Structure formats: C-alpha cells, structure tokens
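Trainee: A structural model of the following input is requested.
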Amino acid sequence: SRSDWSSDVCSSDLFPSHDIVMMNYKAKEDEIKNNKFKEVAKKYMEYDGWKGKSKDYKIVVPTTPHELIVEGARQHHCVASYVDDVCEEKTFIVFVRYQDEEKKDQSIVTVEIKDNKINQAKRVNNESPLAEEKEFISNFCKNFNILYE
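Mentor: Numbers count the residues shown, from 1 in each chain. I've put the predicted structure just below:
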C-alpha cells in the first residue's frame, strides 16, 4: 500500500537531504548564471560610463544578475525576468544613471538592446523616458550605431 511505501522510502532523513541537495544545486546554478552574465556583459563594456556630451547622464552596464533584480525592484518593472535572455545573448540591458556622484546609483531609465536596436526604454512603473532622457539615449545610439525609433 501507499502508506507502507512512504514510511519505508520517505524516512525522516530523506527530506533534509533533498533540501541540502537542492540548495547546493541552486547555488551552483546561480554561480554558472553569474559567470555567464559577466561573460556577456564584457561584450558591452564599451558602453559603460558613456556620457557623450551630456552633463547629467551616463550609461551603466550591469555585470551581474543581481543588478537587474535590484533595477526591477527600484523601477517597479520586470527587468529581472530578463536575466536568462541576457545569459543566452538574446538581449542586453543597460541603465541610464546620473553622473552626479550623490545620485549615481539612482535608477532613471532601463534600456533593452535587442538585435542592435532599442527594443524598449522604461522609467519607473514602465513610464516612457522624459524628452532629455530620450535625447541622451538617441545620442548614445548614434554613437554606437544602434537603431532607436
């Protein structure tokens, strides 16, 4: 009967062992994902710190999945769900940040680059960028031959 099977097979040691194995698997999976993300980010490092002629903004290239998770939480949008797509090189994400040292970590615009064009650029709550932010993104795109409509 089923109750006999579960009492024989599912000893009290099995579930804690399973939990430990799953935690180790998750940690290894996270390590692999982190390494792959960093490897992909290296291809975009020429964008990092780009300011163009702007006195206010710069581009920041995220180098870890954690940075996308934090960005999504700050901006109240779903960019964290793009980690796998970045790792698989289906898309890439950059951030528009302030140059000002006191505001440098403040999220302004999250930008998705896919197939060498801007697929989307979003502010907090998926709002569209402001005019001056759009102009900065447009200049960034012109500098790196990225399509921005």
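
Trainee: can you give me the helices for this structure?
Mentor: 2-9, 14-42, 65-75, 83-87, 131-143 (DSSP state H).

Trainee: mean pLDDT lowest for which of those helices?
Mentor: Here the lowest mean pLDDT among the helices of the chain goes to helix 2-9, at a mean of 47.

Trainee: and residue 97, how many neighbours does it have?
Mentor: Using other C-beta atoms under 10 Å, residue 97 has 19 neighbouring residues. C-betas here are computed from N, CA, C, even on glycine.

Trainee: doesn't residue 56 make contact with it?
Mentor: No: using C-beta atoms under 8 Å, residue 97 makes no contact with residue 56, being 9.8 Å away.

Trainee: if I look at the residue nearest the centre of the chain, how far off is residue 51?
Mentor: In the chain, the centroid-proximal residue (C-alpha atoms, centre = their mean) is residue 68; its distance is 2.9 Å. Here residue 68 is placed at a distance of 22 Å from residue 51 (C-beta to C-beta, to the nearest Å).

Trainee: Identify each buried residue in stretch 127-147, please.
Mentor: Residues 129, 133, 136, 137, 138, 139, 140, 141, 146 are the ones in stretch 127-147 that count as buried (16 or more other C-beta atoms under 10 Å).

Trainee: How about stretch 59-75?
Mentor: Those would be 59-63, 65, 67-68, 70-72, 74-75, for stretch 59-75 by 16+ other C-beta under 10 Å.

Trainee: Right, I'll call it a day here.
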